[in-house]
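Trainee: After the sequence you'll find the predicted model.
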Amino acid sequence: MKNLLVLFLVGCGGDPVCYHNNYQTLKRYPVNFTQMTSMGIGVDSTGQKVDLAIIDRLTSQLDICLEKSFKANPTITSELAKKADCRTDVGVPRVRFDNIYIKTCFKVKVPNDWEYSKCYPEEQLLPISAPDALCEAKGLHPTPECPCRWRVETQDDYIIVSPPNLKLFKAELARMVTGCNNVWIVPQIIACLP
């Protein structure tokens with residue numbers, strides 16, 4: 001069984017090593033990053049009330065947890081990397097763990113077209129259809145009244161698009177910084193998610 005060493009990439013001088021998130025943009029929102037968190041993360045709240053301190057707190061929590069989790073167990077099997085859809089480097093799947101202190105590499109967009117689910121009122125949804133199979137895998141049963149919808153997305157490789165509750169913000173940021181699409185099956189990442 002092959003194991004993969006987790007790579008720690010850090011920008012040194014000059015331009016930082018930023019994320020290269022190759023997941024498709026599901027909906028393209030116009031952006032105007034007029035706010036900045038105290039940690040330097042650009043935010044476009046689309047005029048809505050968004051607690052910038054929460055973005056900083058969630059980012060810091062994920063950063064500290066991933067560093068601790070991967071230092072304790074820095075390898076994953078190649079089979080798990082493949083199942084988790086981790087990006088490849090020269091044909092070899094590997095987890096890429098970027099230094100997420102580089103806050104200029106991602107931004108946050110909180111669109112104003114999100115809505116509460118009609119069937120799960122605590123859930124804030126984006127107006128973007130998701131495959132029914134993804135909801136069914138979570139034990140949900142999509143209907144015409146309650147279709148399967150995304151709760152977070154990444155736009156243009158570096159913009160996390162989330163409703164204001166930021167419920168899946170850490171999961172989307174984890175996808176960016178680890179390079180694995182299915183973060184929910186990698187033990188070192190699961191340990192850091194809600």
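Mentor: Right, received. Where do you want to start?
Trainee: my guess is residue 114 contacts residue 161, does it?
Mentor: No - taking CB atoms under 8 Å as the definition, residue 114 is not a contact partner of residue 161, at 9.3 Å. Placement of C-beta: from N, CA and C, glycine included.
Trainee: Looking at these two, which is more packed in?
Mentor: residue 161 (27 against 20; other CB atoms under 10 Å).
Trainee: How about that one: which residues does it bridge to?
Mentor: Counting by DSSP bridges, residue 161 is bridged to residue 109, residue 153.
Trainee: That one and residue 79, how far apart?
Mentor: Here residue 161 is placed at a distance of 31 Å from residue 79 (CB to CB, to the nearest Å).
Trainee: so residue 25 touches residue 150, yeah?
Mentor: No - Residue 25 sits out of contact with residue 150 when judged by CB under 8 Å, with a separation of 11.4 Å.
Trainee: Compare neighbour counts for these two and give me the winner.
Mentor: When neighbours are counted by other CB under 10 Å, residue 25 and residue 150 differ, and residue 150 comes out ahead with 18 against 14.
Trainee: Which residue is the nearest non-sequential neighbour of the more buried one?
Mentor: residue 128 (4.4 Å; CB to CB, 6 or more residues apart in numbering).
Trainee: What strand or helix carries the residue nearest the centre of the chain?
Mentor: For the chain, the residue nearest the mean C-alpha position is residue 172 (0.9 Å; CA atoms, centre = their mean). Assigning secondary structure by DSSP states H and E places residue 172 in helix 169-178.
Trainee: related to what we said a few turns ago, please name the residues that touch the residue nearest to residue 150.
Mentor: If you count contacts by CB atoms under 8 Å, 6 or more residues apart in numbering, residue 128 has them with 26-27, 149-150, 153.
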